[in-house]
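Peer 1: Predicted model follows, preceded by the sequence.
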Amino acid sequence: MTGRLLGRGVIDDVADVAASCDTVVRACNAAVSVLHGHTGAAVDVLLLGPGQLSVVAFSGAWQAPAAVPSHYGVVGHVLATGRPAAIHDASVAYAGLHAGRPVGSVVCAPLSEPTDQPIGVVNIEFDHVVADPVQWATELAEVGRRLRHRIDELGGLPAESAAELLLRHTLGFAAAGSGAELAALVCRAAVELTGLGSATVLARRITPPGQPRTPLRTSAAHVAAGARDLPARVAELPPDVLSALVDAVCRHGASHTLGDPDSEDVRGFEPLVRAGVRTLLAFPVRATAFDPRLEVAMLVMDELEVRVEPSTVTVLELLTANAAECYERLETVHQLQSLAETDPLTGLRHLGPFTKRLARARVGRTALLVIDVDNFKQINDRLGHAEGDRVLVSLAAAMRACLREGDELFRVGGDEFVAVLDVPDAAEAVRVADRLVAAARETGGAVSAGVALRRPGEPADATLRRADLAMYTAKQDTQYAVCEAE
């Protein structure tokens with residue numbers, strides 16, 4: 001390792017070897033080879049892709065992932081500012097990240113002309129601290145400018161392959177947090193993969209014969225820049241027409257590729273033609289393995305006549321199949337989470353979710369109602385636990401039914417419930433408590449309730465204790481079943 005600055009000769013060598021290469025990747029690897037030969041340090045070139053930097057050339061590094069987030073560390077800073085940067089001692093800046101490995105200075109420069117947005121970075125990681133990392137960064141910036149010039153001559157950033165696009169979107173599906181988010185990601189992926197102008201997902205619940213069909217809804221849509229908003233036109237079609245379209249897609253189970261509607265068989269899809277669709281790929285999305293009551297159809301459309309390659313159609317079918325599997329896993333996780341948070345007897349959420357809700361209690365706006373079933377032990381002793389369970393289920397349903405939107409009732413113990421209310425004042429909380437007590441009486445049961453509104457400077461658990469004490473006061477009062485905390 002020389003520790004010498006690059007100098008004009010090395011910078012010219014990088015430009016010369018890059019000029020002799022016929023692809024972007026080869027040019028980047030050639031530049032890395034020259035820089036590594038001069039410095040003995042780890043050198044890499046990262047090019048900007050959708051949301052990440054891909055490592056396209058490297059001589060070895062402390063850690064060498066295939067890609068990193070485009071906002072990560074010093075490379076993210078260089079991308080954002082368009083200026084080179086240097087870290088004098090990375091063992092201090094990234095303490096613990098490279099434990100047990102020799103770490104020194106890091107210099108990083110953008111692949112850009114002075115007035116351009118960077119398309120990537122060139123990065124040198126030394127295993128020792130260099131004398132003048134700032135000057136290193138200045139010279140590396142000239143390397144980045146020369147390499148960027150050659151990349152532009154070769155046509156710019158390499159196009160993302162179908163396999164790379166498929167992998168990127170598949171990873172995105174796995175990270176989706178909801179069915180709606182997943183559907184939106186699938187639509188975007190379909191448009192990017194096929195090059196068509198728009199995509200939409202239509203979904204409905206299957207209803208038994210003789211019952212009215214549930215409304216069909218547009219779960220998601222994506223429209224490419226400059227394309228006509230065909231999903232909006234499709235969404236405006238009458239419900240019976242949309243249902244017939246879903247039937248045509250889901251019943252036959254095959255994709256339909258229409259290029260020129262005047263020369264293709266478009267039976268069953270005439271409403272789409274009238275809406276302006278000239279090219280269509282239609283797929284049933286197989287989410288039925290998890291939920292047989294669900295029918296989902298995906299439409300990928302364009303207002304232009306486009307012949308989509310059969311191989312692209314096959315990849316898109318694989319993509320939608322993967323999305324269906326991700327949906328099934330997502331629904332399984334949601335069901336398991338719901339089971340973990342829900343009381344199986346009453347269907348109310350229990351102590352864990354209540355604790356989280358309690359932590360969000362607002363001063364002067366959140367009221368807690370602690371509710372206890374009167375004489376519950378005697379019910380169990382005289383009539384049995386099955387009757388006790390029936391009483392709890394009946395009371396829980398009655399009280400939950402008379403809560404307002406946004407309020408929630410939790411079962412936090414054997415016969416103890418807590419309602420969390422958003423109210424303007426304590427008087428409104430007492431009125432809600434009176435309604436709950438009245439609803440309980442209509443079932444033939446009886447409850448006592450204590451009410452407390454969170455005070456300024458009061459911890460939420462202290463508010464809960466005041467409500468609990470008020471509930472015991474109400475139990476001892478033969479006249480009133482509701483007591484407001486002092």
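Peer 2: Nice, thanks for sending it over.

Peer 1: Helices of the stretch 101-250 of the chain, start to end?
Peer 2: 133-153, 162-174, 179-194, 230-235, 239-252 (DSSP state H, counting those that start in this stretch).

Peer 1: quick one: average pLDDT of the longest one?
Peer 2: Translated: helix 133-153. Here helix 133-153 scores 93 as its mean pLDDT.

Peer 1: Tell me, how many residues neighbour Ala452?
Peer 2: 27 (other CB atoms under 10 Å). C-beta here means a position set from N, CA and C on the backbone, and glycine is covered the same way.

Peer 1: which ones are touching it?
Peer 2: Ala452 sits next to Ala367, Leu368, Thr463, Leu464, Arg466, Ala467, Ala470, Glu484, Ala485 when contact means CB atoms under 8 Å, 6 or more residues apart in numbering.

Peer 1: Give me the neighbour count for Leu345.
Peer 2: Applying other CB under 10 Å, I find that Leu345 has 12 neighbouring residues.

Peer 1: so which of the helices of the stretch 101-250 of the chain gets nearest Ala359?
Peer 2: helix 179-194 (25.8 Å; CB to CB).

Peer 1: Flag every buried residue along the closest one.
Peer 2: 179, 182-194 (16 or more other CB atoms under 10 Å).

Peer 1: In terms of secondary structure, what does that helix contact?
Peer 2: For helix 179-194, the packing partners by 3 or more CB pairs under 8 Å, 6 or more residues apart in numbering; DSSP states H and E come out as helix 162-174, strand 198-205, strand 217-223, strand 294-302, helix 310-341.

Peer 1: quick one, which of those is nearest to Gly268?
Peer 2: strand 294-302 (11.9 Å).

Peer 1: tell me the angle of the closest one relative to strand 217-223?
Peer 2: 30 degrees (axes from the mean of the first three to the mean of the last three CA atoms, to 10 degrees).

Peer 1: Considering the buried residues of helix 179-194, which is situated nearest to Thr200?
Peer 2: Cys187 (6.5 Å).

Peer 1: which residues does that closest one contact?
Peer 2: Ser198, Ala199, Thr200, Val201, Ala220, Ala221, His222, Met298.

Peer 1: most surrounded residue in these?
Peer 2: Busiest of these [other CB under 10 Å] is Ala199, holding 31 neighbours.

Peer 1: Quick check: that one touching Pro231?
Peer 2: Yes - using CB atoms under 8 Å, Ala199 is in contact with Pro231, at 7.4 Å.

Peer 1: shared neighbours of these two, anything?
Peer 2: Ala221, His222, Leu299, Met301.

Peer 1: Make sure the first one is actually in contact with Val201.
Peer 2: Read it as Ala221. Yes - applying CB under 8 Å, one finds Ala221 in contact with Val201, separated by 7.4 Å.

Peer 1: Burial check on Ala225, number of neighbours?
Peer 2: Residues near Ala225, counting by other CB under 10 Å: 5.

Peer 1: now swap in Asp461 and tell me
Peer 2: 11.

Peer 1: I'd like the distance between it and Arg455.
Peer 2: According to CB to CB, to the nearest Å, Asp461 and Arg455 sit 13 Å apart.

Peer 1: Could you do Arg411 as well?
Peer 2: In this view, Arg411 and Arg455 are 26 Å apart by CB to CB.

Peer 1: More neighbours: which of the two?
Peer 2: It is Arg411, of Arg411 and Arg455, that has more neighbours when counted by other CB under 10 Å, with 22 against 13.

Peer 1: The more buried one pairs with what?
Peer 2: Phe417 (DSSP bridges).

Peer 1: Can you give me the pLDDT of the closest residue to Gly347 other than its chain neighbours?
Peer 2: Distances taken as CB to CB, 6 or more residues apart in numbering place Ala396 nearest to Gly347, at 7.3 Å, with adjacent residues excluded. Looking at Ala396, its pLDDT reads 90.

Peer 1: dump the residue contacts of Ala396.
Peer 2: Ala396 sits in contact with Thr346, Gly347, Leu348, Leu409, Arg411, Phe417, where contact means CB under 8 Å, 6+ apart.

Peer 1: any chance of those in a markdown table, with distance to Ala57 and pLDDT too?
Peer 2: Converted to a markdown table, the contacts of Ala396 look like this (distance: CB to CB, whole Å; pLDDT from 0 to 100):
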| residue | distance to Ala57 | pLDDT |
| --- | --- | --- |
| Thr346 | 61 | 84 |
| Gly347 | 58 | 80 |
| Leu348 | 58 | 85 |
| Leu409 | 61 | 90 |
| Arg411 | 60 | 88 |
| Phe417 | 64 | 91 |
